[in-house]
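Novice: Give the three-dimensional model of this entry:
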Amino acid sequence: MRASLTMIRLLSGLIALGLCFDAPAYVVTISPGVRAVYLRVGTGTSVTYNSNVTTFGNNGNANNNTINIVSVVVPANVVGNGANRAMTSNSSQGTSSLDSYAFCDVPAEIYIGGFYRLPGNSGTATLTATVPTSLTNSSGQTIPFSQISWTSSGNGDTGAQPILAGTFTPGSQTLASFPVNTWRESCHSFAYGNDAVVAAGTFTGQVTYTLSAP
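Specialist: Numbers count the residues shown, from 1 in each chain. A predicted model of the protein is given here:
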């Protein structure tokens, strides 16, 4: 299953870039069932999950073509100073597809979650990101995509996340493994590295997330 996310760095005028419980990370064991792979990145179509944690409802085709945009504005006087700039998204959907819990804080975070299910108990799906080499503007100027990084968290979580923090690497980048019959989800907050002085313009690039299984 695939989902896409567009990174935009906006540059114009000034230059702008388009009681506490110890809770583990959110990984839930689900019961075996008909083979299925489900992935949601940002705004997406949720599956219906049975409250007795045994079966997923059948929503038919869960494809959702929404591509969320993550962007940041950087004033001219700080361009290229090396201080990371937090990015925000246009996603308004931060609730878990599993139980509708308010898991991610939007628009600062993007929800990423899903599952791989089989009748048996052996197998693993892999979450990858297809990343372009650079963000580009209309003049052909570029910013390395490695300037975009993310942290990983989730409301109520304190343990290591199932989809870890990282930095984008051009090409096909492995992000996480999804062992069979587990639901896994994390919230990612993106940042622009701001390590170079670049020309004004709108720099864009699109990342495609894929959860694939043999």
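
Novice: For this protein, which residues score under the pLDDT cut-off?
Specialist: Under the criterion pLDDT under 70, the flagged ranges of the chain are 1-25, 46-62.

Novice: State the distance from residue 165 to residue 176.
Specialist: Shown here: residue 165 relative to residue 176, a distance of 11 Å by C-beta to C-beta, to the nearest Å. Bear in mind the C-beta positions are built from the backbone N, C-alpha and C, glycine included.

Novice: and these two? which has more neighbours close in?
Specialist: It is residue 176, of residue 165 and residue 176, that has more neighbours when counted by other C-beta atoms under 10 Å, with 18 against 14.

Novice: Report the central residue of this protein.
Specialist: residue 112 (4.7 Å; C-alpha atoms, centre = their mean).

Novice: Surely that residue forms part of a strand?
Specialist: Yes: membership of residue 112 in a strand is supported by DSSP: H, G, I helix; E, B strand; the rest coil.

Novice: bridging residues for it?
Specialist: Beta-bridge partners for residue 112, by DSSP bridges, are residue 41, residue 186.

Novice: show me where the chain has helices.
Specialist: Counting by DSSP state H, no segments of the chain form helices.

Novice: residue contacts, the residue nearest to the centre of the chain?
Specialist: When the contact criterion is C-beta atoms under 8 Å, 6 or more residues apart in numbering, the partners of residue 112 are 39, 40, 41, 42, 127, 163, 185, 186, 187, 188, 209.

Novice: Tell me how far the closest residue in space to residue 129 that isn't next to it in sequence lies from residue 85.
Specialist: Closest residue in space to residue 129, ignoring its immediate chain neighbours: residue 173 at 4.7 Å, by C-beta to C-beta, 6 or more residues apart in numbering. Using C-beta to C-beta, residue 173 is found at 22 Å from residue 85.

Novice: cool, and residue 39?
Specialist: Between residue 39 and residue 85 the computed distance is 28 Å (C-beta to C-beta).

Novice: With neighbour numbers in mind, choose between these two.
Specialist: The neighbour count for residue 39 versus residue 85, taken as other C-beta under 10 Å, is higher for residue 39 (22 against 19).

Novice: ok, now how distant is the more buried one from residue 160?
Specialist: Between residue 39 and residue 160 the distance is 20 Å, computed by C-beta to C-beta.

Novice: Equivalent analysis for residue 171, please.
Specialist: Per C-beta to C-beta, residue 171 is found 25 Å from residue 160.

Novice: ok, now residue 183?
Specialist: Between residue 183 and residue 160 the distance is 16 Å, computed by C-beta to C-beta.

Novice: Looking at those two, which is more packed in?
Specialist: Neighbours were tallied for residue 183 and for residue 160 using other C-beta under 10 Å; the higher tally belongs to residue 183 (24 against 12).

Novice: Quick one: residues contacting the more buried one.
Specialist: Residues counted as contacts of residue 183 (C-beta under 8 Å, 6+ apart) are 26, 27, 28, 29, 30, 98, 113, 114, 115.

Novice: which ones among those are found in strands?
Specialist: Here DSSP state E is the test, and the contacts of residue 183 give 27, 28, 29, 113, 114, 115 as lying in strands.

Novice: Could you single out the nearest of those to residue 149?
Specialist: Proximity to residue 149 was ranked across these by C-beta to C-beta; first place goes to residue 113, at 20.0 Å.

Novice: Please give the number of neighbouring residues around residue 36.
Specialist: Counted with other C-beta under 10 Å, the burial measure for residue 36 works out to 17 neighbours.
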